[in-house]
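In: just need the structure, nothing else, for what follows:
(one chain, ligands or ions: 1)
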Amino acid sequence: MQFSQIKGQNNVIRKLISTIDRNQFPHAVLINGKDGYGNLALALALAQYLSCTNKSQSNADSCGECPSCRKYQKLIHPDLHLIFPTNTTNKVKKDNKSSLFYSEFREFVFNNGGYGDLNDWLTFSGVEGKQGIINVADANDIVSLLTLKAYEAQYKIMVVWNIDKMNTQASNTILKILEEPYPNTVFIFTTKNKENILPTILSRVQQINIGPIDNDIIEQELRILHPEYSEEEIKKDAFLSEGNILNIRQAYIDKVSEYFQMFIELNRLAFSYKTKVSEILTFTETFSKMSKDIQKDFLAYCSKTIEKCWQYSIGMQFLQHPLYLAEEKFKKNYPKFITKNNLEGIFNVLEKSQKNIDRNANVKINMTNMIIKLGVLFEKR
Ligand SMILES: [Zn+2]
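Out: Sure thing, here's the model as predicted:
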């Protein structure tokens, strides 16, 4: 994969190239950001660039044509090693590890250009209803690969996708390697859940943060995907995707469009909780029929949106208003109701409601209480 195939992330790519060209690339990096921001695609393009024998600074990319690049593009370079979460399947009934899933993983990456998420991968590889794990068999593979000399390239490169899925035993094995780096070996880790990585590992890697993909790039992808869409529909879906290319899928757009409408409705009810009792009951009735996971997901969405409104109201610069799709009056006024006086209280109420769902509390009572408490907090702004 070449940098030219990465969607956005230009600043990060420029910095990476400059570090490599100055021979200052560290022995271990962690690309931190969502799958739909391109963490795997970037890791693979970076690995290819490091190994390219014909890179030119004027191109700011691997050449794509040298023997190394050709092998990298097929993900068959003998000095590239891929580690990713797996589990047992119908085909691999025990002792699952990455090397047993190589051909499937290559196909998966070719199908989505490096922009797939862990659930997609687990489904694709035939793991049903189980977690993906990087276990000690993978870590032992890494150790034995390290003791070999690089076959062809200057570097041996280990790309570990979703390192946060590494279990403790495997993490401890990797930690020993990171403490005493092997010459000419580069680790490129990726994660979207940095908080699940051992702090001792984190402290030994250089972190590279990647953020949402620029709106105009997402809009361009949508135009290709949906030539039938109007510009208004393109802008709406781009907004809802939040810079995550995986979120332009219809199922996600549908889900989050519904969340958005519910968020507006929930807040309207909270504003006039004293007079809208019957509407509150209708809302909680609808809410109670959704699955627990969706209920919690929706409340998390509310917290995130409120946080953005707060940031917006204190003047943080956003490309778009956090309530871009709401009608003008709501869009203009709502952020004013989130202030330093009630922000913490609002988060606490939302968090407590999520916990109540876990505790199997009565959903309708839980939601009714939440709406009233939010209304009271809005009054205290
Ligand atoms: Zn090349």
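In: can you pull the domain assignment for the protein?
Out: Under the assignment automatic domain parsing, the domains of the chain span 3-209, 213-248, 254-379.
In: out of those, nearest to the ion?
Out: Ranking these by their distance to the ion (criterion: Cβ to the ion) puts domain 3-209 first, at 3.2 Å. The way it works is simple: take the backbone N, C-alpha and C, and place the C-beta from them, glycine included.
In: quick one: the closest one near the ion?
Out: Yes. Residues of domain 3-209 contacting the ion under Cβ under 5 Å from the ion: 52, 54, 62, 63, 66, 69.
In: using a markdown table, lay out these together with distance to residue 368, pLDDT and secondary structure.
Out: Output for the residues of domain 3-209 next to the ion, formatted as a markdown table (distance: Cβ to Cβ, whole Å; pLDDT from 0 to 100; DSSP: H, G, I helix; E, B strand; the rest coil):
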| residue | distance to residue 368 | pLDDT | secondary structure |
| --- | --- | --- | --- |
| 52 | 61 | 93 | coil |
| 54 | 66 | 90 | coil |
| 62 | 58 | 94 | coil |
| 63 | 63 | 93 | coil |
| 66 | 66 | 94 | coil |
| 69 | 61 | 95 | helix |
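In: make a markdown table from the residues you listed and add neighbour count and distance to residue 46 to it.
Out: Formatted as a markdown table, those follow (neighbours: other Cβ atoms under 10 Å; distance: Cβ to Cβ, whole Å):
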| residue | neighbour count | distance to residue 46 |
| --- | --- | --- |
| 52 | 22 | 11 |
| 54 | 13 | 17 |
| 62 | 27 | 9 |
| 63 | 17 | 15 |
| 66 | 15 | 16 |
| 69 | 23 | 13 |
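In: and which of those is nearest to residue 320?
Out: residue 62 (34.1 Å; Cβ to Cβ).
In: any idea how far residue 338 is from the closest residue to the closest one other than its chain neighbours?
Out: Among residues not flanking residue 62 along the chain, residue 52 sits closest, at 3.7 Å (Cβ to Cβ, 6 or more residues apart in numbering). As judged by Cβ to Cβ, to the nearest Å, residue 52 and residue 338 stand 49 Å apart.
In: what do you get for residue 327?
Out: 18 Å.
In: same check on residue 277?
Out: Distance, residue 277 to residue 338, using Cβ to Cβ: 24 Å.
In: who's more crowded, those two?
Out: Taking other Cβ atoms under 10 Å, residue 277 and residue 338 do not tie; residue 338 has more neighbours (23 against 13).
In: where does the nearest residue to the more buried one once chain neighbours are set aside land in three-state SS?
Out: Excluding the flanking residues, the one nearest residue 338 by Cβ to Cβ, 6+ apart is residue 310, at 4.5 Å. Judged by DSSP: H, G, I helix; E, B strand; the rest coil, the three-state class of residue 310 is helix.
In: tell me the secondary structure at residue 186.
Out: For residue 186, the assignment made with three-state DSSP gives strand.
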